[in-house]
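In: fold the stuff below for me.
(2 chains)
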Amino acid sequence: RKEVEQDPGPFNVPEGATVAFNCTYSNSASQSFFWYRQDCRKEPKLLMSVYSSGNEDGRFTAQLNRASQYISLLIRDSKLSDSATYLCAAAPEYQGGKLIFGQGTELSVKP
Amino acid sequence: GAVVSQHPSRVICKSGTSVKIECRSLDFQATTMFWYRQFPKKSLMLMATSNEGSKATYEQGVEKDKFLINHASLTLSTLTVTSAHPEDSSFYICSARGRLETQYFGPGTRLLVL
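Out: Residues are numbered from 1 along each chain as shown, chains lettered A, B, ... in the order given. Alright, predicted model coming up:
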């Protein structure tokens, strides 16, 4: 079983739709979680960190469920420019801050 | 935000040659940098953790003699792919650890070995 797993998609949604991504992690000692966005042939860019209390940044909401060991990302009112691959990442405790990435979920927002 | 650069952005080389990739944190000091590789449509796979002034820590299955890492200063880490072969062709990305454990990624290096 992979340490961090995501549904690879692709998710094809119309503009304005709400879309949710889930990500599960197997290492219960993971302490920090992140969502990254990666455009085609580019490096990942940090979208948001994920906190236990949940956090929101504009149209984006991230949630962490430690009991079930999953994190989620909700995108509301999706835009064409949201089309990208979304990667979740977990940082295991006491491992020097390294990140373990899921395989990424591809999102395509259509007009 | 924090800026990380990588050089070169792309390289094409013949099989058997060695290729050096540089990763620099431009506006902050990074005691820890990470090297990843990514194949098309696949996730980033951590290769090694590079610590300034000490030996790199390699992930399982990554040959340390094949992928030489040097972290000579707080702003520079290098990855050398020695005796590159076509199967080493990939997208190599570095990241530098900043405040609050956030990692900032370089723009990546596309390596094509013929």
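
In: can you list the residues of chain A near chain B?
Out: A:32, A:34, A:41-46, A:49, A:87, A:91, A:96-104 (CB under 8 Å from any CB of the partner chain). Any C-beta I mention is one placed from the backbone N, CA and C, and that applies to glycine too.

In: among those, the buried ones, what's the PyMOL command?
Out: Restricted to buried positions by 16 or more other CB atoms under 10 Å in any protein chain shown, the PyMOL selection for those reads:
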select buried, chain A and resi 32+34+43+44+46+49+87+91+97+98+99+100+101+102+103+104
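
In: taking the residues of chain A next to chain B one by one, which sit in strands?
Out: Counted as lying in strands by DSSP state E, out of the residues of chain A next to chain B, are A:32, A:34, A:44, A:45, A:46, A:49, A:87, A:91, A:100, A:101.

In: can you pick out the most distant pair from those?
Out: A:45 and A:100 (18.0 Å; CB to CB).

In: most centrally placed residue in chain B?
Out: residue B:35 (3.7 Å; CA atoms, centre = their mean).

In: doesn't residue B:95 make contact with residue A:46?
Out: No - using CB atoms under 8 Å, residue A:46 makes no contact with residue B:95, being 10.1 Å away.

In: quick one: common contacting residues for these two?
Out: B:103, B:104 (CB atoms under 8 Å, 6 or more residues apart in numbering or on different chains).

In: low-confidence ranges in the chain?
Out: Just going to use chain A. Within chain A, the stretches with pLDDT under 70 are A:1.

In: switch to chain B, please.
Out: In chain B (pLDDT under 70), the answer is B:1-2, B:99-101.

In: quick one: the strands in it, in order.
Out: Going by DSSP E, chain B shows strands at B:4-7, B:10-13, B:19-25, B:32-38, B:44-51, B:57-58, B:67-73, B:76-81, B:90-97, B:103-105, B:109-113.

In: columns distance to chain A on top of these, output as a markdown table?
Out: Shown next, in a markdown table, are the strands of chain B (distance: least, CB to the nearest CB, whole Å):
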| stretch | distance to chain A |
| --- | --- |
| strand B:4-7 | 8 |
| strand B:10-13 | 10 |
| strand B:19-25 | 11 |
| strand B:32-38 | 6 |
| strand B:44-51 | 5 |
| strand B:57-58 | 7 |
| strand B:67-73 | 13 |
| strand B:76-81 | 14 |
| strand B:90-97 | 5 |
| strand B:103-105 | 4 |
| strand B:109-113 | 8 |
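
In: from residue B:35, how far out is residue B:81?
Out: Look at residue B:81 and residue B:35: by CB to CB, to the nearest Å, they are 10 Å apart.
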